[in-house]
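A.B. asks: Please work out how this folds:
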Amino acid sequence: MSEARTPAQIEKDIVRRRQELAVTLDEIGVRLHPKTIMGDAKAKTAAAVDRTAGRAYVAANRAVSDIRAQLVSEDGAPRLERVVPLAMIGVAVVGLLVVGSKRRRS
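C.D. replies: Numbering: from 1, shown residues only. Reported below is the predicted structural model:
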């Protein structure tokens, strides 16, 4: 059997539990404070943006590397059989844009 507690022990337990409850209520108050909620939301948003920007950077870097591998040989020399046709297409597109722009102005 357990020993009977004295009034002093009971009072000491009550004081200790009140202190624990006060600490818990303070923690709840801090967590529910609007500044804390806004700070948490900002931190989550910043983390999400960082993750998205990181993924976009990796994807863009991968795309550039893939295109570079198609247009430049391993020794760094341009692959003329691929670069020249692309350059000609680019010149043709720019030419069409210029001609189309001049027609609209006339």
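A.B. asks: what about Arg82, how many neighbours?
C.D. replies: Arg82 has 13 neighbouring residues, counting by other Cβ atoms under 10 Å. No exception for glycine: its C-beta is placed from N, CA and C like everyone else's.
A.B. asks: swap in Arg5?
C.D. replies: Neighbours of Arg5 (other Cβ under 10 Å): 11.
A.B. asks: contacting residues for it?
C.D. replies: Asp13 (Cβ atoms under 8 Å, 6 or more residues apart in numbering).
A.B. asks: Return the per-residue confidence for it.
C.D. replies: The pLDDT attached to Arg5 in the predicted structure is 91.
A.B. asks: Now do it against Gln19, distance only.
C.D. replies: The gap separating Arg5 from Gln19 is 19 Å, by Cβ to Cβ, to the nearest Å.
A.B. asks: Which helix or strand in this protein has the lowest average pLDDT?
C.D. replies: Lowest on mean pLDDT, DSSP states H and E among the helices and strands of the chain sits helix 80-105, with a mean of 91.
A.B. asks: That helix - contacts with which helices or strands?
C.D. replies: In terms of contacts (3 or more Cβ pairs under 8 Å, 6 or more residues apart in numbering; DSSP states H and E), helix 80-105 is packed against helix 34-71.
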